[in-house]
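Novice: after the sequence you'll find the predicted model.
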Amino acid sequence: MNTADIQFYHAHIYYDDEAGLAQAQQLAAQIEQQFEVKVGRFHQKKVGPHPKWSVQISFAAPEFAQVIPWLMLNRGDLDVFYHPLTGDELFDHTQGVAWLGNAHDLDIRQFLTKN
């Protein structure tokens, strides 16, 4: 694998309740105004490997140096999980991860059956 193979990243903003949802919506609106990102759906249930409610922010690799530091400084008390998109979901959700705030255990079983 080569760093040039990473074309996109995902950042997942986690929240627990309606108040957290409102914070995440405000944060997503701000980041969408400032950077070339795509904001996904705001989930009010656990989706995929994610142990909490979440929203996905997608962005191209050239945006990484702007988006991640901005999230570091502006996420408030929300936890953020981010990872590359390499084509290997197991790697992306285990070896390729980083956290802003608290880390949480992901349910990676769905990726184990694909490899």
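Specialist: Right, received. Where do you want to start? Numbers count the residues shown, from 1 in each chain.
Novice: use CA for all of it now, contacts and neighbours both
Specialist: OK.
Novice: not counting its neighbours along the chain, what's nearest residue 101?
Specialist: Closest residue to residue 101 apart from its sequence neighbours, by Cα to Cα, 6 or more residues apart in numbering: residue 79 at 4.8 Å.
Novice: just residue 42 next, same as before
Specialist: residue 55 (4.7 Å).
Novice: ok, back up a step: okay, now the residue nearest to residue 101: neighbour count?
Specialist: Residue 79 has 20 neighbours, counted by other Cα atoms under 10 Å.
Novice: ok, now which ones touch it?
Specialist: The neighbours of residue 79, taking Cα atoms under 8 Å, 6 or more residues apart in numbering as the test, are 13, 14, 15, 99, 100, 101, 102, 103.
Novice: quick one: buried residues of the least confident helix or strand in the chain by mean pLDDT?
Specialist: Least confident helix or strand, the chain: helix 109-112 with a mean of 83, by mean pLDDT, DSSP states H and E. Buried residues in helix 109-112, defined by neighbour count with 16 or more other Cα atoms under 10 Å: residue 111.
Novice: scan this structure for its longest helix.
Specialist: Longest helix in the chain, counting residues (DSSP state H): helix 18-34.
Novice: and that helix, what does it pack against?
Specialist: Contact partners of helix 18-34 among helices and strands, from 3 or more Cα pairs under 8 Å, 6 or more residues apart in numbering; DSSP states H and E: strand 8-15, strand 37-42.
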